[in-house]
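Visitor: I would like to see how this sequence folds:
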Amino acid sequence: MAATPTLPTTVEPLTPPRGSGLFASFKRESRKWWRISRWYKQAALWTIILTIMTFLFFALLTPISGLINLLNEFYAFLQDPSITTAITTLSGNSGVAQVQFSTASLVLPIMFLFAYTLVGEAIIVIFGGQFFGELRDGALSWALSKPITRGAYVVSKALADVLGVFVMVLLIPFLFIWVITSTTAVNQNVPLPNYFGAVLILAIGMMFWHSFVMMLTFVTNRRGVTFIIPVVLLLLGNAIARTIGETIPLVQTLSPFKAPLALSPLLTGTLTLDAALPLILPTIGWALVFYLMAYLSLRKKNV
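Guide: A predicted model of the protein is given here:
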């Protein structure tokens, strides 16, 4: 007689997969940036925008540069009449070399500061809307229903977004601008490490605004707050910190808005990358603090 099969009396509990889910979340977030055709369209768009603005600054600042150099020569002539460059230049003598235009001292510092503001505004608008949209329409709840921790979600979001902005919005456009200016502009004497050091400072600044918008979105749940406060601080943050710092010096020392101050002296060669660290480190520190605050806020949310 065949033995009667017996059913198990206990059921083994399903064990969730180990790990935080960071890799899977990063892969999913990266696909939003690198999916077919989108990434190079974004890179081409930003390259066109920033290159056009660079040439506009060239067109506007070249006459100003010539006037400044001419006034400097005339001042030198007044100090030493044996210098005849200013007089011959004013008289239009064709034998006098034309006033040279320096991209290092005029165009590139202004261009980098313009890019910091423009890209910063784009990050505030785009990512503010994205974070708030995910929170409102349930996409955040869906993402966290997967085997992923809230910490992994914040880290993967930060890594994917910052990397995407760095490559598509900063690295490719400014590499193109470097090639154009180094081959066509007069007196293009910005060392390559300084130039891409300035690009790295832009990336650090964009990471800060990304973290700030993420934190405000998850802490306040208010779309207007995530737009108005960052825009005001993007435009006036350094001035506000400097004013308060006159009374409380620690505020100016720890201000996260000092990173753009390193751009111009770095491009003109009056500041080294090592010397720029005190201006950059507070920005990095505050970005990490804001990512941590976003994580802690997510832990308290019932999503």
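Visitor: Which residues belonging to stretch 242-258 are considered buried?
Guide: Neighbour-count burial for stretch 242-258, with 16 or more other Cβ atoms under 10 Å as criterion, is recorded at Gly245, Gln252, Ser255, Pro256, Phe257, Lys258. (Glycine included, C-beta is placed from N, CA and C.)
Visitor: what's the most distant pair in those?
Guide: Farthest apart among the buried residues of stretch 242-258 by Cβ to Cβ are Gly245 and Pro256. That separation is 12.8 Å.
Visitor: where does this structure have low pLDDT?
Guide: Filtered on pLDDT under 70, the chain yields the residue ranges 1-20, 36-37, 62-105, 185-189, 302-303.
Visitor: before we move on, back to that, for the buried residues of stretch 242-258, please prepare TSV with the additional fields secondary structure and distance to Asn194.
Guide: Written out in TSV, the entries for the buried residues of stretch 242-258 read as follows (DSSP: H, G, I helix; E, B strand; the rest coil; distance: Cβ to Cβ, whole Å):
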residue	secondary structure	distance to Asn194
Gly245	helix	27
Gln252	helix	25
Ser255	coil	23
Pro256	coil	22
Phe257	coil	22
Lys258	coil	18
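Visitor: For Phe212, the count of nearby residues, please.
Guide: The local packing count at Phe212 equals 28, with neighbours defined by other Cβ atoms under 10 Å.
Visitor: quick one: it and Gly224, what's the gap?
Guide: Distance check for Phe212 against Gly224: by Cβ to Cβ, to the nearest Å, it reads 15 Å.
Visitor: returning to that earlier point: with the buried residues of stretch 242-258 in mind, which one is nearest to Leu108?
Guide: Out of those, the one with the shortest distance to Leu108 is Lys258. That distance is 19.5 Å, counting by Cβ to Cβ.
Visitor: ok, and for the helix or strand hosting Phe26, which residues are buried?
Guide: Applying DSSP states H and E as the criterion places Phe26 in helix 22-34. Buried residues in helix 22-34, counted by 16+ other Cβ under 10 Å: Leu22, Ala24, Ser25, Phe26, Arg28, Glu29, Ser30, Trp33.
Visitor: And that helix, what does it pack against?
Guide: Where contact means 3 or more Cβ pairs under 8 Å, 6 or more residues apart in numbering; DSSP states H and E, helix 22-34 is packed against helix 150-164.
Visitor: Buried residues in the helix it packs on, which are they?
Guide: Judged by neighbour count (16+ other Cβ under 10 Å), helix 150-164 contains these buried residues: 150-164.
Visitor: okay, stretch 204-212 in PDB with CA atoms only?
Guide: Backbone C-alpha positions of stretch 204-212 (Å, rounded to 0.1, in the frame of the first residue of the first chain) are rendered in PDB as follows:
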ATOM      1  CA  ILE A 204      29.500  70.900  -7.300                       C
ATOM      2  CA  GLY A 205      27.200  74.000  -7.400                       C
ATOM      3  CA  MET A 206      24.600  72.000  -9.300                       C
ATOM      4  CA  MET A 207      24.800  69.200  -6.800                       C
ATOM      5  CA  PHE A 208      24.100  71.700  -4.100                       C
ATOM      6  CA  TRP A 209      21.000  73.000  -5.800                       C
ATOM      7  CA  HIS A 210      19.800  69.500  -6.500                       C
ATOM      8  CA  SER A 211      20.200  68.500  -2.900                       C
ATOM      9  CA  PHE A 212      18.500  71.700  -1.700                       C
END
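Visitor: now stretch 116-126: how far from the chain's centre is it?
Guide: 8 Å (Cα atoms, centre = their mean, to the nearest Å).
Visitor: Stretch 152-167 now?
Guide: Chain-centre distance of stretch 152-167: 13 Å, with Cα atoms, centre = their mean.
Visitor: Please apply the same query to stretch 195-215.
Guide: Using Cα atoms, centre = their mean, the offset of stretch 195-215 from its chain centre is 3 Å.
Visitor: I am finished for the moment; much appreciated.
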